[in-house]
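**Student:** what follows is a predicted protein model with its sequence.
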Amino acid sequence: MALNVGQDFKQRWLDVPEAVRQAFIDDLHRVCNVLKPETNIQKWLEKDELAQQQSFETIERAYVERKAQLIEDARLRHQRALEQSLAKKRAAQADYAQALQFDETRQFAEQTQTLSLIRQNLEREIQTYTARYHKNPEGAALNFAKGMPSISDTAMLSELENVRLRLELEAETLIEQTVAVFRAKLQQASQEEIEYILKNSNFSTEKPKA
C-alpha cells in the first residue's frame, strides 16, 4: 500500500515545529511495533492510550510556543519599524531645526547690519544737525522778537541723545523678539516629537498564555 502524503509534503513537514515532527515519528514507531508478530497487543493497547495523550499534549504545547514566538517576532518587527520611523523623524526635525537656525542667523545678521546702518546714518545726521548750531560770538547783539523761545545747544543735544537711545532700545527689542520666535519654534518641534513617540510606542508586549 502506497502512502499518499499529499502535495508539498516536504515544505509542510519542515514548517511544522521540531517537537511536533518528533511526536509524529514516535507515533509511527509505535504503530510499526504493533505490526511485529512478537508484540503483545493487549500491553501495546494499554501503553498506546497514554502515549497518544502525551503526544497530543506535546503537539499542543509546541503550537502554543510557535504562536507565542510568531507574536514576539511580529512585536520586534513593529518595534524596529517604529524605531526606524522615529529615527527618520528625528533626522528630519534635526535638518529642519538646522535650516531654521541658519535662516534665523541670516535674518539676525541682516537685521544687525540694517540697525548698524541706521545707527551710522543717525550719527551722521546728528553731526550734520549739530554742526549748524554753534556758539554765538561774544558781544553780538541779535534782534529777536520778544517772546520767542530760545533753544540751547545743550537741550538740542540732549533731545538728539534721547532719540538715539530710543532707537537703540527699539533695535534691542527687535532682536529679543527674533530670538524668542526661534526658541518657540524649537520648543514646538520638540513637543511634536514627544507627542509622536507617546502616540506610536504603545504596542502591547503581553505574552499569550499557554
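**Tutor:** Ah, there it is.
**Student:** can we go C-alpha only for contacts and neighbour counts from here?
**Tutor:** Noted.
**Student:** residue contacts, the closest residue to Gln101 other than its chain neighbours?
**Tutor:** Excluding its sequence neighbours, the residue lying closest to Gln101 (C-alpha to C-alpha, 6 or more residues apart in numbering) is Phe182, at 7.5 Å. By C-alpha atoms under 8 Å, 6 or more residues apart in numbering, the contact set of Phe182 is Leu100, Gln101, Glu104.
**Student:** list the ones among those that fall in strands.
**Tutor:** Judged by DSSP state E, the contacts of Phe182 include no members of strands.
**Student:** now the buried members of these.
**Tutor:** Gln101, Glu104 (16 or more other C-alpha atoms under 10 Å).
**Student:** could you measure from Leu165 over to Thr128?
**Tutor:** Separation of Leu165 from Thr128 (C-alpha to C-alpha, to the nearest Å): 18 Å.
**Student:** also Glu110?
**Tutor:** 27 Å.
**Student:** so Arg166 is in which element?
**Tutor:** helix 153-200 (DSSP states H and E).
**Student:** show me where this protein has its helices.
**Tutor:** Secondary structure of the chain (DSSP state H): helices at 9-15, 18-34, 41-131, 153-200.
**Student:** pLDDT on the last one, on average?
**Tutor:** Read that as helix 153-200. The average pLDDT for helix 153-200 rounds to 75.
**Student:** now do the phi/psi pair for Pro37.
**Tutor:** When read as degrees, to the nearest 10, the backbone of Pro37 gives phi -60, psi -30.
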